[in-house]
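Visitor: following is a predicted model, sequence given first.
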Amino acid sequence: MGFSENSKLKEIMENENSKAVMEKHIPGISTNPMLKMGYGMSLKQISGIPQAGISAEKFDAILNDLSKL
């Protein structure tokens, strides 16, 4: 599918393989009640929100795993 830092969270979470990558790096993300609020945002935008808790290292790891799909 070709996910990148500009992919919208909704696209990522609606694909079972990329959803599994997100769960691997952010356990519980798929059941987080705040998830849908971020659906219109890109992965890069979400990583810039401190409450998301996505460090630069975690962001890079997520992108690396998504690039393999």
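Guide: Structure received. Residues are numbered from 1 along each chain as shown.
Visitor: quick one: Asn18 from Gly38, how far?
Guide: Rather than Asn, residue 18 is Ser. 14 Å (CB to CB, to the nearest Å). (C-beta placed from N, C-alpha, C; glycine too.)
Visitor: same question for Glu14.
Guide: Glu14 sits 13 Å away from Gly38, going by CB to CB.
Visitor: so if I had to pick from those two, which one is more boxed in?
Guide: Gly38 (19 against 11; other CB atoms under 10 Å).
Visitor: so who does that one touch?
Guide: By CB atoms under 8 Å, 6 or more residues apart in numbering, the contact list for Gly38 reads 9, 46, 52.
Visitor: confirm that Val21 sits in a helix.
Guide: Yes. Residue state for Val21 (DSSP: H, G, I helix; E, B strand; the rest coil) corresponds to a helix.
Visitor: and stretch 53-69, C-alpha only, in CSV?
Guide: Provided in CSV are the C-alpha atoms of stretch 53-69 (Å, rounded to 0.1, in the frame of the first residue of the first chain):
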residue,chain,number,x,y,z
GLY,A,53,3.9,9.7,23.4
ILE,A,54,5.7,9.0,20.2
SER,A,55,9.4,9.6,20.5
ALA,A,56,11.6,10.2,17.5
GLU,A,57,12.9,6.7,17.9
LYS,A,58,9.5,5.2,18.0
PHE,A,59,8.3,7.3,15.0
ASP,A,60,11.3,6.0,13.0
ALA,A,61,10.6,2.4,14.1
ILE,A,62,7.0,2.7,13.0
LEU,A,63,7.9,4.2,9.6
ASN,A,64,10.5,1.5,9.1
ASP,A,65,8.0,-1.3,9.8
LEU,A,66,5.2,0.4,7.7
SER,A,67,7.7,0.7,4.8
LYS,A,68,8.0,-3.1,4.7
LEU,A,69,4.3,-3.7,4.1
